[in-house]
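Peer 1: coordinates only, sequence not included:
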């Protein structure tokens, strides 16, 4: 059986914080790492200088392992890779592109690699290329999504690779963590669950909307143009989907309409005209509380669930 992600990254609990663009900064990342998980700085949409600054700032706030996410579609990805190799955080997660050409460079710099993959074929390719672990993300996740569910991915990916598999997508509580571990996962990645953390600097209006949301309140935009993104239903997302399937807008017009809307919601607080990226598991988001309380609650519930699992008979 593959190692736990705790062994691979040198962390206490098998929980990685998802890299949420315009949201996951030094304050949130350090809080997650200090609480025993692995925080991840989100470089997507950010300048190279910002990424370097946040790595240094995170080091001032924690002496625990943390990572940086590289969005491989970013125009400044090569510069960000150079910064990471120079600053040497514990690990990188890589998505939205082909991570293989970058793996050896990170390895030479002593930075562990954890690419994000959506299917078995890519998982095997990434394993063969020498990645330390992978994140496999189901379509229940917030932000950019694939086409397979988390359960289907756990069923099919975990038995096919030998490196640690971290599961993501719709996992927001201790029962979800326990289920993933029972399926053979090395750990989980959670993003949406940390949006209501005290240390998360997402706009307060977005936090309010998340706390009000019910289980059916997410919607997927961009499905017809090959760029599916899950978020909370609001004026922007519902109008976008209506236009998307009306046949009255080109792919280019739809992309232009969506550009900048993530920042508009997360940073500026326009929760009607911005895209509030979030996953499907919304009911566990009950209150704003410190990251430490969130993680300790998840771990406690996971331990109780695993203990009770031993009593089940079939």
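Peer 2: Great, that's in hand. The structure displayed is predicted, hence computed values, not measured ones. Numbers count the residues shown, from 1 in each chain.

Peer 1: just so I have it, where are all the strands in the stretch 101-250 of the chain?
Peer 2: Remark: strands assigned in the stretch 101-250 of the chain by DSSP state E, counting those that start in this stretch are 112-117, 134-137, 143-144, 165-168, 187-190, 218-221, 229-232.

Peer 1: Let me know which of those strands is the nearest to residue 299.
Peer 2: strand 187-190 (11.3 Å; C-beta to C-beta). C-beta here means a position set from N, CA and C on the backbone, and glycine is covered the same way.

Peer 1: Can you list the strands that that closest one pairs with?
Peer 2: Strand 187-190 has these partner strands in its sheet, going by DSSP bridges: strand 15-17 (parallel), strand 165-168 (parallel).

Peer 1: re the thing from before, out of the strands of the stretch 101-250 of the chain, which gets nearest to residue 306?
Peer 2: Short answer: strand 187-190, nearest of those by C-beta to C-beta, at 13.4 Å.

Peer 1: Residue 251 - nearest residue in space that isn't next to it in sequence?
Peer 2: Computed as C-beta to C-beta, 6 or more residues apart in numbering, the closest residue to residue 251 that is not its neighbour in sequence is residue 225, at 4.6 Å.

Peer 1: So that neighbour sits against residue 244, correct?
Peer 2: Yes. Contact criterion C-beta atoms under 8 Å: residue 225 and residue 244 qualify, at 7.2 Å.

Peer 1: shared neighbours, these two?
Peer 2: Common contact partners of residue 225 and residue 244 (C-beta atoms under 8 Å, 6 or more residues apart in numbering): residue 254.

Peer 1: between those two, who's got more neighbours?
Peer 2: residue 244 (19 against 15; other C-beta atoms under 10 Å).

Peer 1: does that one really touch residue 219, like I thought?
Peer 2: No. Residue 244 lies out of contact with residue 219 (C-beta under 8 Å); the separation is 10.9 Å.

Peer 1: Residue 139 and residue 152 touch, don't they?
Peer 2: No. The pair residue 139 / residue 152 is not scored as a contact, 9.2 Å apart, by C-beta under 8 Å.

Peer 1: which one of the two has more residues nearby?
Peer 2: Comparing residue 139 with residue 152 by other C-beta under 10 Å, the one with more neighbours is residue 139, at 20 against 13.

Peer 1: Can you check the pLDDT for that one?
Peer 2: At residue 139, the pLDDT value in this model is 96.

Peer 1: Against residue 151, how distant is it?
Peer 2: To residue 151, residue 139 is 11 Å away according to C-beta to C-beta, to the nearest Å.

Peer 1: same thing with residue 121?
Peer 2: 19 Å.

Peer 1: And those two? Which one has more around it.
Peer 2: Between residue 121 and residue 151, counted using other C-beta under 10 Å, residue 151 has the larger neighbour count: 16 against 11.
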